[in-house]
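Q: Okay, structure incoming, though there's no sequence with it:
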């Protein structure tokens, strides 16, 4: 990710590329390098922040730079000019104060339309706001270059943040090992968890499901161009009809009809995204 981020920033700075950046008064800056299968839209701000949306060889990345430095991922409440609000997960992007979106397609669509894009977090606490370009033609060029739809009806549904795929009441006891004489052995120390957040698979492998009666229904690919990929098809089969559990004191009614987005094909990271605050 660090290499991709640096490449994107270099392009927007006009370093080392023959093709010129395209900037319109009310649209995102745009630049592309067909030889690298790379296109970028960006918005730059006087205080040094940048929003960089990049399609590179079919992979979409959204990066915020110039943000407060935190030790790990952040969960933000994002609002836009028309009052819509969503929860967004951002992960460290390989440079101080840079973060990449965990749900790049939905994040780019949320930025379409322009106006005030405001972010706030509770822990660590900070606020940031961006005046987005009012036109999104160049943003759409990058989005469609990576096979993403410019609109998705599920973007308008609230997220099911109060459910987990792990039953909170399921705490199986681990049997204690015994020696040859039957005496309990001293417990083997558990390995420490690896430092840092889990690495997310590509957002193009995501699956979207609707919570109905605490089960996942109507599961589908979030990236239309990846719907036939085996990892996506396997993910849909695995998730369709799967039971989820109300957490944090919520009830089934609190999540009814809401959308649960599973990022990528590794099921082990689902609860990291859906229960982060």
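A: Arrived safely. Small disclaimer: the values here were computed from a predicted structure and weren't measured.
Q: The nearest residue to residue 114 once chain neighbours are set aside - how many residues pack around it?
A: Leaving aside its sequence neighbours, residue 114 sits nearest to residue 134 (Cβ to Cβ, 6 or more residues apart in numbering; 3.8 Å). (Each C-beta comes from the backbone N, C-alpha and C, glycine too.) Look at residue 134: counted by other Cβ atoms under 10 Å, it has 12 neighbours.
Q: Over to residue 236?
A: Using other Cβ under 10 Å, residue 236 has 18 other residues around it.
Q: so who does the residue nearest to residue 114 touch?
A: When contacts are counted by Cβ atoms under 8 Å, 6 or more residues apart in numbering, residue 134 touches 26, 113-115.
Q: just these now: which is nearest residue 260?
A: For the contacts of residue 134, the residue nearest residue 260 by Cβ to Cβ is residue 113; the value is 24.9 Å.
Q: Let me know the secondary structure of the closest one.
A: Recorded secondary structure, residue 113: coil (DSSP: H, G, I helix; E, B strand; the rest coil).
Q: Residue 144 too?
A: Secondary structure of residue 144, per three-state DSSP, is helix.
Q: Apart from its neighbours in sequence, what residue is nearest it?
A: Nearest to residue 144 is residue 150, by Cβ to Cβ, 6+ apart, at 6.7 Å.
Q: Now do the contacts for that neighbour.
A: By Cβ under 8 Å, 6+ apart, the residues touching residue 150 are 109, 112, 140, 143-144.
Q: Is it possible to get TSV of these that adds distance to residue 83, pLDDT and neighbour count?
A: Compiled in TSV, these are given as follows (distance: Cβ to Cβ, whole Å; pLDDT from 0 to 100; neighbours: other Cβ atoms under 10 Å):
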residue	distance to residue 83	pLDDT	neighbour count
109	16	96	20
112	15	94	17
140	22	96	18
143	23	95	24
144	27	94	13
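Q: Which of these sits closest to residue 45?
A: Of the contacts of residue 150, the one sitting nearest to residue 45 (Cβ to Cβ) turns out to be residue 112, at 18.3 Å.
Q: would you list every one of the strands in the chain?
A: 29-33, 38-44, 50-56, 59-65, 74-79, 85-92, 99-101, 115-122, 125-132, 163-164, 207-212, 215-221, 245-246, 259-262 (DSSP state E).
Q: Which one of the ones you listed lies nearest to residue 157?
A: Across the strands of the chain, closest to residue 157 is strand 259-262 (Cβ to Cβ), at 4.3 Å.
Q: Any idea what residue 43 is bridged to?
A: residue 51 (DSSP bridges).
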